[in-house]
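Novice: coordinates for the following, if possible.
(2 chains)
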There are 2 protein chains.
Amino acid sequence: MKNITEVCRRIEETQNELVETYRQFLEIASVSADSKYAQDCKSAAKWLVDKLGGMGFYIETHEKDGHPPIIVGKYLKAGDAPTVMIYGHYDVQPVDPPDLWETPPFSPDIRDGHVYARGASDDKGQFLTHIFAAAAWLEETGSLPVNLIFLSEGEEEIGSEWLTEFVQAQPELLPCDVIVISDGNQFAPSVPAITYALRGVMCFEVNLTGPNRDLHSGSFGGAVTNAGNVLAELVASLVGPDGRIQVPGFYDDVEPMTDRERQLLSELPLTEERFFGDLGTDGGRGEEGYTALERRWARPSCDVNGLTCGYQGEGAKTVLPDCASAKFSFRLVPNQQPDKIAAGVRELFEPQVPSGIEMKLEVDHGSPGILVSLESPFVECSARAIEAAFGTAPVYAREGGSIPIVATMAQQLRADVLLLGWGQADNNIHSPNERFSLEDFRRGTLASARLLDEIGKMKK
Amino acid sequence: MKNITEVCRRIEETQNELVETYRQFLEIASVSADSKYAQDCKSAAKWLVDKLGGMGFYIETHEKDGHPPIIVGKYLKAGDAPTVMIYGHYDVQPVDPPDLWETPPFSPDIRDGHVYARGASDDKGQFLTHIFAAAAWLEETGSLPVNLIFLSEGEEEIGSEWLTEFVQAQPELLPCDVIVISDGNQFAPSVPAITYALRGVMCFEVNLTGPNRDLHSGSFGGAVTNAGNVLAELVASLVGPDGRIQVPGFYDDVEPMTDRERQLLSELPLTEERFFGDLGTDGGRGEEGYTALERRWARPSCDVNGLTCGYQGEGAKTVLPDCASAKFSFRLVPNQQPDKIAAGVRELFEPQVPSGIEMKLEVDHGSPGILVSLESPFVECSARAIEAAFGTAPVYAREGGSIPIVATMAQQLRADVLLLGWGQADNNIHSPNERFSLEDFRRGTLASARLLDEIGKMKK
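Specialist: You can find the predicted model right below:
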């Protein structure tokens, strides 16, 4: 019986064909942000339908008026093996500014060992590695070692509205044990990573209203409550001098990092000096007792995102402003409860609002954090697959940001999530001259093939 | 020998002629803000030169390129009597929006007992009361009971640049014991006021710079210092929970109000309920232990004037902003030292600036506060003159705002300042349909004539 060795050999031997197919996919200008490319988005979906259908996948197309379709490809013939769902998106970012592209964004060009095109890395190239891995399995062995679902949408770059609705409404259509996503980066060149956690996010806007008009600060200052001063007090009260967030109950559900996690993070090839140097600063402030990396990835945070009040032009204007507002957000770690935090912010602020001021607090619950245990067998499978394909063991990373659609899927489908980014930080995603390394394309495909093999071996 | 009784009778008997002259002055469109009225400003200056020259005043015209002239009229024949300088401005506010005027702004119309025209109250009408009072003295008695200087400028509405320079450079050209200014309001209808103090003002702008670009709050939040959070902390630290300003040394030179002052203020016909009701608020916060009126007029204050940071558009953007800035200002009471306060703000802020943030602090020293003792004989003279002319004793008011040119004159000329506003809050100064009551015009002229008499009696 043929095995992973043959599958990998096939991937190596058919590289040129795979790259050629990849280029065809990149030629489709599936920009989701601009309605004049709506037809191209449909073409990209159709391309996937044809590709997966041709591989023997059963295809479901879920359409909603005004949205590019959701494409689901299922191949569920592996009995009691785990079901893997691989998510990717077929839409791409706009190309602006077009003048800065060295070659046209939808005419893929190969140079310096890279494919240059919009979507090369984000996410067409990375998603295709998995499709090509499954194709190699099917072509070489006639079957897959796992039950496999491909899920793709065309709105990831504009908020995943339709997919979010779909996953929330019909999670039973996507039954899976683990979700694999390759839509990000390795930790560094030749340092592949398994990203096992994402922070969640909650956004707040507080609006303070004072007197019924702007007032002269001479005639009224000292007597009338200044919304700007009160705003500063509220915002300043969010974080204590030790960097701890002062919202009541905020840390109740925060799970401490394990010793193993802290050890793994400390071993990552990253110095704080270089990190802050790149940002042009001499250091950063945060929760006491944690390294900058721990604070970014594994601890919750509170950031002012915007402040608006009074006169913002040149020079001075001695106005006592009639209103003031702040936007701020929390990054949450897994297990924190957004409802509790929203109530806590209100509890923190309300007693501080003095006479003369009305407060309105708006809350966007955003998305929760997600965390896959390092002890998960899927993490172990990924580590073995990546080490074999890349020739080096992956590091274990978390991600400080939030991917709402990923959080939604993890929550609704009750599945572990593996973020296996094959990209590099210099791939220029969202910028001109986006690119993806042919070497990462090749190794990613091999890693995917091996991952299916490893997970397939998990069956009893 | 003829006396004040005859002078007042003459003023009463010649009211129609005075109003006619007043209307001529109002026909000159001396808008200083708009250079297309530059010639009109010169015409208004010329009108004053002719008027004062015709009364026997010695005229000095001080010109500087690009500025309307300063007009000084001197009549210094009263021997060792005090020298009174009366300041007024011949420029007026723009008329915008012109459509809202019921009659054209430079075609004075008399209706409802008021003269309607731009400048009717601010300041042509009020300034003329003093010129007409002096004219009545000269016509009726052939002399003035005091040495008298009229000082007028054409840039009051745009910042008094040339007069400020002139007064600072050549204060010896304006030797006087007391400065009288009628460019404001009575306390309320039929409640004339002597305004014996102005607050000063200092303006600050603090600019914080963080990382070299806006950052993603997910990837960086918690590790990198957020300029918006720090800005809120700095601003919040300015004022304590008891409403006291926390700048080191801030209150060192603040003179406490006398018991008499507090008593007089408490007797003013003003309820806090009505004051805050007009502002659409349920009350106001400020320094503990003082009434709202005391806080506005006689205590220093600190107000945020503007806050700028990060994303200010609709919805949420989870950015960690690269910079943040705040404009804030203090209203100062007389005797506070701007240099000391500037140093204090720096002393308060600097230890709070964390790693990752650079602070730039800009200071505009503005103008100091001024205060005339309620025991000043000039205050007593004013009170007697106003009570006789208005039929009611004046109240003693302070002004929370600052008039930089007044502060400059008081400081440079080392003279007491009497702010004797004859206007009313509903005179629509700076708005369409500016007006001045003929009754206030008449009573103001009588009060001015009596004031000269009272001050004249001060000579040994």
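
Novice: isn't A:Thr83 right up against A:Phe150?
Specialist: No - using CB atoms under 8 Å as the test, A:Thr83 is too far from A:Phe150 to be in contact (11.9 Å). The way it works is simple: take the backbone N, C-alpha and C, and place the C-beta from them, glycine included.

Novice: higher neighbour count, these two?
Specialist: Each of A:Thr83 and A:Phe150 has its neighbours counted (other CB atoms under 10 Å in any protein chain shown); A:Phe150 has more, 24 against 20.

Novice: dig out what the nearest residue to the more buried one once chain neighbours are set aside forms beta bridges with.
Specialist: Once flanking residues are discounted, A:Phe150 sits nearest to A:Gly73: 4.1 Å by CB to CB, 6 or more residues apart in numbering or on different chains. With DSSP bridges as the criterion, A:Gly73 is bridged to A:Ile59, A:Phe150.

Novice: what's around A:Gly73, how many residues?
Specialist: Using other CB under 10 Å, A:Gly73 has 24 other residues around it.

Novice: quick check: it vs chain B, distance?
Specialist: Remark: distance between A:Gly73 and chain B (CB to the nearest CB, to the nearest Å) = 30 Å.

Novice: what's the answer for A:Leu371, then?
Specialist: Distance check for A:Leu371 against chain B: by CB to the nearest CB, it reads 15 Å.

Novice: just checking, that residue touches A:Thr195?
Specialist: No - the criterion here is CB under 8 Å, and A:Leu371 misses it with A:Thr195 at 10.7 Å.

Novice: looking at those two, which is more packed in?
Specialist: Set A:Leu371 next to A:Thr195 and count neighbours by other CB under 10 Å: A:Thr195 wins out with 23 against 20.

Novice: check the stretch 51-200 of chain A for the residue nearest chain B and tell me.
Specialist: A:Arg199 (6.1 Å; CB to the nearest CB).

Novice: A:Ala44: how many residues sit nearby?
Specialist: 30.

Novice: tell me, what's the model's pLDDT at it?
Specialist: pLDDT, A:Ala44: 98.

Novice: show me where the stretch 151-300 of chain A has strands.
Specialist: A:178-181, A:193-198, A:200-209, A:215-216 (DSSP state E, counting those that start in this stretch).

Novice: by mean pLDDT, show me the worst of those.
Specialist: Across the strands of the stretch 151-300 of chain A, strand A:215-216 gives the lowest mean pLDDT, at a mean of 90.

Novice: ok now stretch A:266-273, how far from the chain's centre?
Specialist: From the chain centre to the centre of stretch A:266-273 is a distance of 22 Å (CA atoms, centre = their mean, to the nearest Å).

Novice: buried ones in that stretch, by neighbour count?
Specialist: A:268, A:270 (16 or more other CB atoms under 10 Å in any protein chain shown).

Novice: compute the first-to-last residue distance for it.
Specialist: This stretch, stretch A:266-273, spans 14 Å end to end (CA to CA, to the nearest Å).

Novice: likewise stretch A:179-196?
Specialist: 11 Å.

Novice: right, is it up against chain B?
Specialist: No - applying CB under 8 Å from any CB of the partner chain, one finds stretch A:179-196 separated from chain B by no less than 11.0 Å.

Novice: sorry, back to before: looking at it, the residue of the stretch 51-200 of chain A closest to chain B is touching B:Gly218, isn't it?
Specialist: Yes - under the criterion of CB under 8 Å, A:Arg199 makes contact with B:Gly218 at 6.1 Å.
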